[in-house]
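Make a model of this:
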Amino acid sequence: MYQAIQIVHSYWAYLVLLIVTLATINALAGFFGKREYAPKDFRVSLFALIVSHIQLLIGLAIFFLSPLVVWFSGTYKVGEIMKDATLRLYNVEHPTVMILTIVFITIGYSKHKKKLTSTPKFKILAIFYTIAWILMLSRIPWAQWF
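Here you go, the predicted model:
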């Protein structure tokens with residue numbers, strides 16, 4: 001069961017990376033291009049929100065099933081986890097940064113809906129989605145992907 005969930009998490013991550021990248025570029029292009037906010041822009045940002053939240057749910061399942069996550073095993077002390085780069089990545093860095101990524105996407109999406117004109121909408125999306133995109137890129141376990 002763990003392997004199936006991990007495969008889904010890995011392949012869904014490509015979709016998340018693609019959609020969040022597109023939503024970030026769309027927000028930046030809309031802001032700097034002084035475009036009018038259109039239904040297409042709403043759908044792109046909403047889709048980024050949806051796929052990232054689905055990835056979070058899959059990731060939470062993996063967090064509790066993965067043999068690399070040893071918080072709950074009792075075999076490692078916190079100091080040992082923090083000294084080992086691989087264990088630290090999977091137990092602390094990746095989960096924490098990806099949750100922060102989802103938080104920034106969610107805040108950006110929620111705040112942009114309250115703005116009434118195009119420029120502030122794009123500005124909020126551009127700021128929050130760019131931060132989320134950078135965070136996401138910083139803690140993807142690239143060695144596992146390639």
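
residues in contact with the residue positioned nearest the centre of the chain?
Nearest to the geometric centre of the chain sits Thr101, at 4.3 Å (Cα atoms, centre = their mean). The neighbours of Thr101, taking Cβ atoms under 8 Å, 6 or more residues apart in numbering as the test, are Ser52, Ala132, Leu135, Met136. Any C-beta I mention is one placed from the backbone N, CA and C, and that applies to glycine too.

okay, now the first one: neighbour count?
When you say that, I think you mean Ser52. Ser52: 25 surrounding residues under other Cβ atoms under 10 Å.

got the buried residues for the strand or helix carrying it?
Using DSSP states H and E, the element containing Ser52 is helix 39-65. Across helix 39-65, burial judged by 16 or more other Cβ atoms under 10 Å covers 41, 44-45, 48-49, 51-52, 55-56, 58-59, 61-63.

distance from the centroid: which residue in the chain tops it?
The chain, Cα atoms, centre = their mean, max distance from centroid: Thr75 (29.6 Å).

ok, now how distant is that one from Arg35?
According to Cβ to Cβ, to the nearest Å, Thr75 stands 54 Å off from Arg35.

again, but for Met136
Applying Cβ to Cβ to Met136 and Arg35 gives a distance of 25 Å.

coming back round to it: and for whichever helix or strand comes after the helix holding Ser52, what are the contacting residues?
Next in sequence after helix 39-65, counting helices and strands by DSSP H and E, comes helix 78-83. Helix 78-83 has contacts (Cβ under 8 Å, 6+ apart) with Val70, Trp71, Leu87, Arg88, Asn91, Val92.

Which single one of the buried residues of helix 39-65 is nearest to Phe31?
Within the buried residues of helix 39-65, proximity to Phe31 (Cβ to Cβ) peaks at Asp41, which comes in at 10.6 Å.
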